[in-house]
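In: Pasting the sequence and the predicted coordinates here, then a few questions.
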Amino acid sequence: MKKPEVAETLVTQENQTARIIPIRTEAVLCQYPIHKLSKDKKPLQIKLTEKGEHGKGKVIWEVSPNAKYGHPGELAYKIDTLVINRLIDDLYPDVPEVIKIADSLRHLSELIGRENTRNTTEIKNALYQNAFAAITARLEFTGKDKIQRRFEFGSTRYGVVFIGERLPNEETADAIYIVLNPLYRDLLRHAKRRPLDYEYLKELPPTAQRWYELVSFQIFAALNLGNPRARYLYSELCMRANLPRLFTWERAKKQLYKIHRPHIESGYISKVESEQTTDKQGRPDWFLWYTPGRKAKREYREFNERPRVEDSSPKSPTKPRLVEVRKENKDTLIPERSPEDSTLIEKLTSFGIDEGRAAQLVENNRTECALWANAWPYQNQKGMENPPAVLISFIEKKRRPLPKAYKEAIEWEQQKNENEAARHSELADELHFQFFAAIFRARLEEELSEIARTLPGTYNAFEEHFDKKHAKDMRRIESEDVRKDFRVRKAMEFFNQIRPELGARLTTFDEWNETENRDNADPVQWFTSNQEAVNKLLG
C-alpha cells in the first residue's frame, strides 16, 4: 500500500463559545441510506446485500420509492433529520404513535431553515416521499439492553396526516402529524442512541451533514480509545451516503473536498489523509484517515458530561402598571416574613400587584397565590384593561380552569424530567458496563480457554467462523484491549445465539453482574456512589 497522502488540511479558528445542543438519534437505521443527496439525475437504486452461508447474495436493506412522488431527496432528508428526529429525541423514551410535527407546511418549512417559503407544495411532496418510501430490512443489532436483536421490516417508517384529515383516534387533525409504524417505533425504543450537535447539523449542506452522521461514529470511537485518527473506507462512505463512487483519486478527491471543507473550516477535523487500497473485485479504493479537530474533541467532552435539566419556564412579562390599593398606616408593623413568602410576594409584585396587597393575598391563601404565580405567565391577557386586578380576582375566587398552556407546560416538564431520568439511567448503565468490562472480559476469556481445553472441536468451529466472518474487522482495530473485547463478544454471539446446539454457552454480563458482582449490581446506585470512577470514565 502507498503511504498516506495528506488530502486536505486547514488552520481554523473554531468558536469555542458556540453552544452545543445535543440531539440523540437511534444508531441502527441511521447507518443505512434512504435519501438521494447527490445532484446526479440518474435513477437511484438503494439495495445493500451481504453474502450468505452458501455465497449467495442476501438483501439486508432496500429502499423502494413511490412512483408518483419519487425518491426522498434533500428536503425530505432535512425534514427527517432536523424535525422528526428532534421530536423523537424530545419524547424519548415514551415515543408516542402519533406525533405533531408542525402547525402548517409553512411552519415546517421554517423548521428546516427555509424562511418565507411561498411554494409549500415541495414541502408536502417531500413529506410524501418519506412516508411512501418502502423499506425492506433484515438487520441484526445489539440493543441498549445489550441483547442481540433482529429488525425484519417490509413497510414504511411512518404515515403522514395533514390538516383536515382523520387521525387514528377519529379526530380531525388541526396540524401536521406523523403516525409511526409499530415495528419502527419498537426499534426506536430498543436501539442504542448516540449524540450529535443539532446546531451544527442545521448549518451543514446535505452531503456534509450525512458525512457527519456516518463518520462521527468513528471519530467518537477514536477519541474514546485514544487513537489519533479515525478511519473510513471511501467505497463505504459512497454506499451509505448515496454518493456516486469514483475510481480515480483525482476525481474522488474533488468530490470529497466539497464534503470535507465545512468540517475542516468548523474545526471538526483538522486533517484528512488518504491511503490507497483495492476492494474485493480489485477496483481502486481508499482509506480516509481523519484527525479529530477541536470541535470534535469539545463535542466528545460535552456529550460525556452528566445530563442536566434546564429551566424551560417562560420569562415573566414586563412589569405592568400597579394595582392601586388603600394605603396602610405607616405605623403598622410589618410582620416578619419567611424567605419563601418574600419570594412569592416579589413574584406577584412583578405582575403589577402592590406589595402590601400581595402580602395580604399570600397571608390569606398562600397555596392559591403560588399556583397562580406560576400559571399567570401562560394566561392570555389580550383585552384585559387591568391585568393585575384580574390576577387578584383569579386568586381570591380560586379561578378554574387554569390556563391550558400552563397545564401543557406542566405535563411537558413532567415528561422532560422523566426523560432526563431515563437518560440518566441509560448513562449509568453504559458507564457501569464500561467500568466492569475488563473484569467481565477476563471471566469470558477463562470460559473460552476452558472450552478450548475440554471441547476442542467446538472451539475450532468458533475459530473457523471468526476467521471467515470477522478477521477483516479484527485487523482494523488498533487497540489490543478492544481486539480482545471484540473477540469475546463474537464468541458469546456464536455460542449463545448462532450455534447454541453446541452446548458451550458463555455467561452474559447480566448473569455475571447478578451472581458475582452483587455489591455493585445496581447501575444507578453504583453511579451515584462512585463519582470518582464516573468522572474518570467521562474524562
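Out: Ah, there it is.

In: what residues go with each domain of this structure?
Out: Using automatic domain parsing, the domains assigned to the chain come out as 1-22+192-304, 28-160, 339-402, 411-538.

In: show me where pLDDT drops low in this protein?
Out: Applying pLDDT under 70 to the chain picks out residues 1-18, 51-57, 59, 305-335, 539.

In: let's see it at 50
Out: 1-3, 9-17, 53, 306-333 (pLDDT under 50).

In: on that earlier part again, would you mind saying which of the domains of the chain lies nearest D174?
Out: domain 28-160 (8.4 Å; C-beta to C-beta). C-beta: built from backbone N, CA, C; applies to glycine.

In: Pull up the distance across that closest one, start to finish.
Out: With C-alpha to C-alpha, to the nearest Å applied, domain 28-160 spans 23 Å between its terminal residues.

In: Out of the domains of the chain, which gets nearest to Y177?
Out: Across these, Y177 has its closest neighbour in domain 28-160 (5.3 Å, C-beta to C-beta).

In: Tell me the buried residues in stretch 459-467?
Out: By 16 or more other C-beta atoms under 10 Å, the buried positions in stretch 459-467 come out as 459, 461-462, 465-466.

In: Also stretch 36-43?
Out: In terms of neighbour count (16+ other C-beta under 10 Å), stretch 36-43 has its buried residues at 36-38.

In: Return the closest of those with respect to P72.
Out: For the buried residues of stretch 36-43, the residue nearest P72 by C-beta to C-beta is K36; the value is 6.8 Å.

In: quick one, phi/psi of the closest one?
Out: Note on K36: backbone dihedrals following degrees, to the nearest 10 are phi -90, psi 110.

In: A241 is in contact with that one, correct?
Out: No. Using C-beta atoms under 8 Å, K36 is not in contact with A241; the gap is 10.4 Å.

In: Tell me the spacing between the nearest residue to P387 once chain neighbours are set aside and A389.
Out: Spatial nearest neighbour of P387, chain neighbours left out: Q381 (4.8 Å); criterion: C-beta to C-beta, 6 or more residues apart in numbering. To A389, Q381 is 12 Å away according to C-beta to C-beta, to the nearest Å.

In: do R441 as well
Out: From R441 to A389 the distance is 70 Å (C-beta to C-beta).

In: Specify which residue of the two has the higher count of neighbours.
Out: Counted by other C-beta atoms under 10 Å, R441 and A389 do not tie: R441 has more neighbours, with 17 against 14.

In: My reading is that the residue nearest to P387 lies in a helix. Confirm?
Out: No. Counting by DSSP: H, G, I helix; E, B strand; the rest coil, Q381 falls outside a helix, being coil.

In: rewinding a little: of the domains of the chain, which is nearest D186?
Out: Closest to D186 of the domains of the chain is domain 28-160 (C-beta to C-beta; 8.8 Å).

In: Please identify the helix or strand for Q218.
Out: Using DSSP states H and E, Q218 maps to helix 206-225.

In: Next: K297.
Out: Using DSSP H and E, K297 maps to helix 294-303.

In: got a list of contacts for that helix?
Out: Identification of contacts with helix 294-303 by C-beta atoms under 8 Å, 6 or more residues apart in numbering yields 12, 14, 16, 20, 22, 195, 197, 200, 216, 219-220, 223-224, 266-270, 292, 539.

In: swap the cut-off to 7 Å and go again
Out: Helix 294-303 is contacted by residues 14, 20, 22, 195, 197, 219-220, 223, 266-269, 539 when judged by C-beta atoms under 7 Å, 6 or more residues apart in numbering.

In: tell me the angle it makes with helix 206-225.
Out: For helix 294-303 against helix 206-225, the angle by axes from the mean of the first three to the mean of the last three C-alpha atoms, to 10 degrees is 60 degrees.

In: Toward the C-terminus, what is the element adjacent to helix 294-303?
Out: Following helix 294-303 toward the C-terminus (DSSP H and E): helix 339-350.

In: Point out the other helices and strands that that following helix packs with.
Out: Helices and strands touching helix 339-350, by 3 or more C-beta pairs under 7 Å, 6 or more residues apart in numbering; DSSP states H and E, are helix 355-364, helix 366-375.

In: Make TSV out of those helices and add distance to L455 and mean neighbour count.
Out: Converted to TSV, the helices and strands packed on helix 339-350 look like this (distance: least, C-beta to C-beta, whole Å; neighbours: other C-beta atoms under 10 Å):
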stretch	distance to L455	mean neighbour count
helix 355-364	77	18
helix 366-375	67	18
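
In: Kindly reformat the ones you listed as JSON lines containing distance to E516.
Out: Below are the helices and strands packed on helix 339-350 laid out as JSON lines (distance: least, C-beta to C-beta, whole Å):
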{"stretch": "helix 355-364", "distance to E516": "58"}
{"stretch": "helix 366-375", "distance to E516": "49"}
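
In: For A252, find the nearest of the ones you listed.
Out: Closest approach to A252 among the helices and strands packed on helix 339-350 (C-beta to C-beta): helix 366-375, 58.8 Å.

In: export that closest one as PDB, just CAs?
Out: This file holds the C-alpha atoms of helix 366-375, laid out as PDB (Å, rounded to 0.1, in the frame of the first residue of the first chain):
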ATOM      1  CA  ARG A 366     -50.500  31.100  50.100                       C
ATOM      2  CA  THR A 367     -51.300  27.900  48.100                       C
ATOM      3  CA  GLU A 368     -53.500  29.700  45.600                       C
ATOM      4  CA  CYS A 369     -51.000  32.600  45.200                       C
ATOM      5  CA  ALA A 370     -48.200  30.100  44.500                       C
ATOM      6  CA  LEU A 371     -50.400  28.300  41.900                       C
ATOM      7  CA  TRP A 372     -51.400  31.500  40.000                       C
ATOM      8  CA  ALA A 373     -47.800  33.000  40.300                       C
ATOM      9  CA  ASN A 374     -46.700  30.000  38.200                       C
ATOM     10  CA  ALA A 375     -49.700  29.900  35.900                       C
END
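
In: Can we start the residue count at 172 from this point?
Out: I'll keep to 172 as the first residue from here, and by that count the last item is helix 537-546.

In: Pull the distance from that helix to the chain's centre.
Out: Its chain's C-alpha centre and that of helix 537-546 lie 36 Å apart, by C-alpha atoms, centre = their mean, to the nearest Å.

In: Using PDB, list the CA coordinates for the helix or strand that W683 is a member of.
Out: Assigned by DSSP H and E, W683 belongs to helix 680-687. These are the backbone C-alpha positions of helix 680-687, laid out as PDB (Å, rounded to 0.1, in the frame of the first residue of the first chain):
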ATOM      1  CA  PHE A 680     -23.000  -9.600  31.600                       C
ATOM      2  CA  ASP A 681     -26.300  -9.500  33.400                       C
ATOM      3  CA  GLU A 682     -25.800 -13.000  34.700                       C
ATOM      4  CA  TRP A 683     -22.300 -12.200  35.900                       C
ATOM      5  CA  ASN A 684     -23.500  -8.900  37.400                       C
ATOM      6  CA  GLU A 685     -26.300 -10.600  39.400                       C
ATOM      7  CA  THR A 686     -24.200 -13.500  40.700                       C
ATOM      8  CA  GLU A 687     -20.600 -12.300  41.000                       C
END
